Structures are given as structure tokens and as C-alpha cells.
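K.L.:
sequence and predicted model, in that order:
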Amino acid sequence: MRVLSNDDVRRVLGMRETMAALRVAYDELRTGEATYGPRIDYYLPTGRTGDYYQWGSMTGASRHFGVVAVRMKSDIASWPEGRTQEKYCLRPGLYCGLIMVFEAASGLPLAMIQDGYLQHMRVGGAAGIGTGALAREGPQEVGMLGSGGMARTFLEAFALVRPLTGVRVYSPDRGHREAYAAEMSAALEVPVRAAGSAEEAVSGAGIVASATDSMSPTFDPEWLAPGAHVVCVTRRELGSALLARADRIIQLGVHTVPYGTPVPMMEWKAGGIAAYVAGRPEERAAIPVSKGTQTGRYPTLAEVETGQAAGRSSADEVTLFVATGTQGLQFAAVGGAAARLAAGQDLGRHIPDDWLLEDIRD
């Protein structure tokens, strides 16, 4: 089994390769040659007040890449004042997310991959695919809320599907937004400037992206120009006003067990993710419950591409792409592509197969 670090994957997989791998997987999904399961989380008390242990997993399979992949994340999660979601593993600044890739032809564990870089890339790439399908044709200006890793991959993907005339970025930390503007201007050769407010970033933009860790909406939909296309990283950023303002709402796919499905002990927590929760009632109160805006079901991108649902029908429509869903399939695609490309360059470290295989039937 090949063990790949974020740096190993960064050497072989850029945004163009990421979007190509995702596109293959979505084409397979339409023909039935790929599949995926919903994300489900588990919560366990840490023994402290104010935080909870959160473990999540998502699985997908791709015939083209010949793999099944499971992405697992292990976090100590907290929601300070209900405004943002914070997380770490062991101590602040460290995280644990792993993608296990299994080879369909043999059943062997093929690769174990750190998920940080691929997580940012697959989210940005999926947002780019949705933007390519729903945004107005022609050159666009981007209003970006957020200046972290997702905001970077979002913009890389947008630049591959539309000519960008400029970008206005806002995040609460002035230094962060100015650093983002300088970095992305140089990387994409597109003028990017730091905005003084969320309204300044959003107003008049043809593509509006919210790439934050906020637990609530990040902008007023009244600021949106006619014909704007909107995409958010999580359903936590959705609000009832934005849903009402959008003329067309399309979701990437099913992201979890649908809200209200009668599964014993299942609950729907922050962001509308299906979860099993252990703990006393007073401990459970630390975990935000899902909001109605986070559990809506809309036509999928696959249905738009096959003509089963309508996409943008006019230049003045405001479109909203809910870029959640199909996570397991995304990890099968980008994980399978990364494992294949890394093997070609013999990157990473190796764990012997006999450490992983046994002679007792499972």
C-alpha cells in the first residue's frame, strides 16, 4: 500500500487534473458505472464542556479508476458562540483526515492518502463544474467571501470554466484578504483586490462564492445582481433569504441520509448531516442542530445534464449551486487519480501487503 502525503499529491494533481477526474466520475454516475454512499457522522463526548468528538466517513466507487475509496475524518469539534465551526486533532493546528483507496481487481488496499490537499481540490473542482453548467456565458467578475484554502481552489476552478475579468475578496481579517489578493493575482494573472466589506465584494459580481467556516449566511441576497451565479462551500452558509432570491437551485447530489428518513437513533446535526450521537442530554446540547435551510432537496447537476431538470434559462436568472453531495464519489475519483499518478512517479512510502492481509476469513 502506497502512503501519500499532501505534498506527494500536490506534485501530481492540479486543478485541471482534479476537474478531469471528477468529470469522468460524474459521467460514470450517469451510466451506472460509479456509485457512492451518503456521509454519516458519529459524535462522542470528550468529557470537556464546549466540544465534542466528531468522526465522519463517506464512500464511493469508480469503475474507470478501478477503486473504492473511503474518506474518514477525526475531529475535536466546537462551535464558539454558534458562529463558526472549529476543529482539530490532538491539538489546534493539527488535523486527521485519511482517504483509503482499495483496488477493485484484487481487493488490496492500494493507497492511504492525507486528505487535506485533495479535500480542497475536490470541493473547488466540483464548484467549478457546477459554475460551468450554471453561470452566464462569457467573462465574469467574481465576488469571493473567504480567504482560506477553499477560496483558493474555488477561484482556480472558476478560472478554468469562465474568463475572469477581476475578483473582489472579503474576509474579516484584513491581512488574510490582502494576502489572498496578492497570491491569487499572481497565480492566475487576474486582478484580485481586497474589498472592505462583504457587500462590496458581492455587489455586481457575476459569480459569488462563499467559502467560509461560518455557521450562518455570509451576505445579504439583496446585494446580488440580476444573473448572478452563487455557490457555497457548506449548507451552513445557506439562508432562507438566499433560497427565496434564487430563481434556480441545483444541488451537486445527495450529501447525506435525507432529513427525516426513519432510521433508528439517527439525528441531523450541524449542516444537516445525518449523525449518531452518544452523550447525555446536557452534553448533546453543545452540538448545533440542523436548520430547515440545510436540509432541502433540489434537482441534481446530473439531472440538469441529462435534461431531466432545467438549468439556467435566461441571462437574468439568479442561480444557486448547492455544492454538497457525492463526496464519496469525489474521493474515489481524485484519490484514484492521485494514486495512479503517484505510482507513475513512485512517490510516497510503502506498507508491506503482509502487514494488511490475514489468513483468518473475515
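P.N.:
Thanks, I have it.

K.L.:
centre-most residue in this protein?
P.N.:
The chain has residue 123 as the residue nearest its centroid, 3.5 Å off, counting by Cα atoms, centre = their mean.

K.L.:
please verify my assumption that it contacts residue 231.
P.N.:
No - counting by Cβ atoms under 8 Å, residue 123 sits too far from residue 231 to count as a contact (10.1 Å). Any C-beta I mention is one placed from the backbone N, CA and C, and that applies to glycine too.

K.L.:
common neighbours of these two, please.
P.N.:
Common neighbours of residue 123 and residue 231 (criterion: Cβ atoms under 8 Å, 6 or more residues apart in numbering): 154, 323.

K.L.:
if I look at the residue nearest to the centre of the chain, how far off is residue 150?
P.N.:
Between residue 123 and residue 150 the distance, using Cβ to Cβ, to the nearest Å, works out to 6 Å.

K.L.:
common neighbours of those two, please.
P.N.:
Here residue 123 and residue 150 share the contacting residues residue 233, scored by Cβ under 8 Å, 6+ apart.

K.L.:
for stretch 115-127, which outside residues touch it?
P.N.:
When contacts are defined by Cβ under 8 Å, 6+ apart, stretch 115-127 is touched by residues 6, 9-10, 13, 15, 18-19, 21-22, 71, 73, 95, 97-99, 149-150, 152-158, 209, 231, 233, 252, 321, 323, 326-327, 330-331, 333-335, 338.

K.L.:
filter these down to the buried ones, ChimeraX style.
P.N.:
When burial is assessed using 16 or more other Cβ atoms under 10 Å, the buried subset of the contacts of stretch 115-127 is captured in ChimeraX by this command:
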select :6,9,13,15,18,19,21,22,71,73,95,97,99,149,150,152,153,154,155,156,157,158,209,231,233,252,321,323,326,327,330,331,333,334,335,338
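
K.L.:
which of the contacts of stretch 115-127 fall in strands?
P.N.:
Using DSSP state E, 71, 73, 97, 98, 99, 209, 231, 321 are the members of the contacts of stretch 115-127 that sit in strands.

K.L.:
who's the closest spatial neighbour of the third one, skipping the chain neighbours?
P.N.:
Nearest-residue entry for residue 97: residue 115, 3.5 Å, with adjacent residues in sequence omitted and distances by Cβ to Cβ, 6 or more residues apart in numbering.

K.L.:
re earlier: dump the ones in strands among the contacts of stretch 115-127 into CSV; add distance to residue 282 and pLDDT as well.
P.N.:
As requested, the ones in strands among the contacts of stretch 115-127 are arranged in CSV below (distance: Cβ to Cβ, whole Å; pLDDT from 0 to 100):
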residue, distance to residue 282, pLDDT
71, 32, 98
73, 26, 97
97, 29, 98
98, 32, 98
99, 35, 98
209, 38, 97
231, 38, 97
321, 39, 97
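
K.L.:
using CSV, lay out those together with distance to residue 61.
P.N.:
CSV is the format used below for the ones in strands among the contacts of stretch 115-127 (distance: Cβ to Cβ, whole Å):
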residue, distance to residue 61
71, 13
73, 19
97, 20
98, 18
99, 13
209, 30
231, 26
321, 24
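
K.L.:
nearest to residue 130, of those?
P.N.:
Each of the ones in strands among the contacts of stretch 115-127 was scored against residue 130 by Cβ to Cβ, and residue 321 proved nearest at 3.9 Å.

K.L.:
is the closest one in a bridge, and if so with what?
P.N.:
According to DSSP bridges, residue 231, residue 250 are recorded as the beta-bridge partners of residue 321.

K.L.:
show me what contacts it?
P.N.:
For residue 321, the contacting residues are 127, 130, 131, 134, 229, 230, 231, 250, 251, 252, 301, by Cβ under 8 Å, 6+ apart.

K.L.:
try 6 Å this time
P.N.:
Residue 321 makes contacts with 130, 134, 231, 250, as judged by Cβ atoms under 6 Å, 6 or more residues apart in numbering.

K.L.:
the residue nearest to the centre of the chain belongs to a helix?
P.N.:
Yes - secondary structure assignment (DSSP: H, G, I helix; E, B strand; the rest coil) places residue 123 inside a helix.

K.L.:
gap between it and residue 153?
P.N.:
Residue 123 sits 7 Å away from residue 153, going by Cβ to Cβ.

K.L.:
what about the strands in the stretch 1-150 of the chain?
P.N.:
For the stretch 1-150 of the chain, the strands defined by DSSP state E, counting those that start in this stretch occupy 2-4, 34-36, 40-45, 51-62, 67-78, 86-88, 96-103, 109-114, 140-145.

K.L.:
mean confidence (pLDDT) on the second one, please.
P.N.:
It stands for strand 34-36. Mean pLDDT, taken over the full extent of strand 34-36, equals 97.

K.L.:
cool, and the third one?
P.N.:
In this model, strand 40-45 carries a mean pLDDT of 98.

K.L.:
strands paired with that strand, and their directions?
P.N.:
strand 51-62 (antiparallel), strand 273-277 (parallel).

K.L.:
over to the second one?
P.N.:
Sheet pairing of strand 34-36 (DSSP bridges) gives strand 51-62 (antiparallel).

K.L.:
the residue nearest to residue 97 and residue 349, how far apart?
P.N.:
17 Å.

K.L.:
of these two, who's got more company?
P.N.:
With other Cβ atoms under 10 Å as the criterion, residue 115 and residue 349 differ in neighbour count, and residue 115 comes out ahead with 21 against 11.

K.L.:
look up phi and psi at the more buried one.
P.N.:
Dihedral angles of residue 115 (phi, psi; degrees, to the nearest 10) stand at phi -100, psi -10.

K.L.:
next one, pLDDT for it please.
P.N.:
97.

K.L.:
which residues in the protein form helices?
P.N.:
For the chain, the helices identified by DSSP state H occupy 6-12, 15-31, 116-134, 149-161, 174-188, 198-202, 240-245, 281-284, 301-305, 327-344, in order along the chain.

K.L.:
lovely, talk soon.
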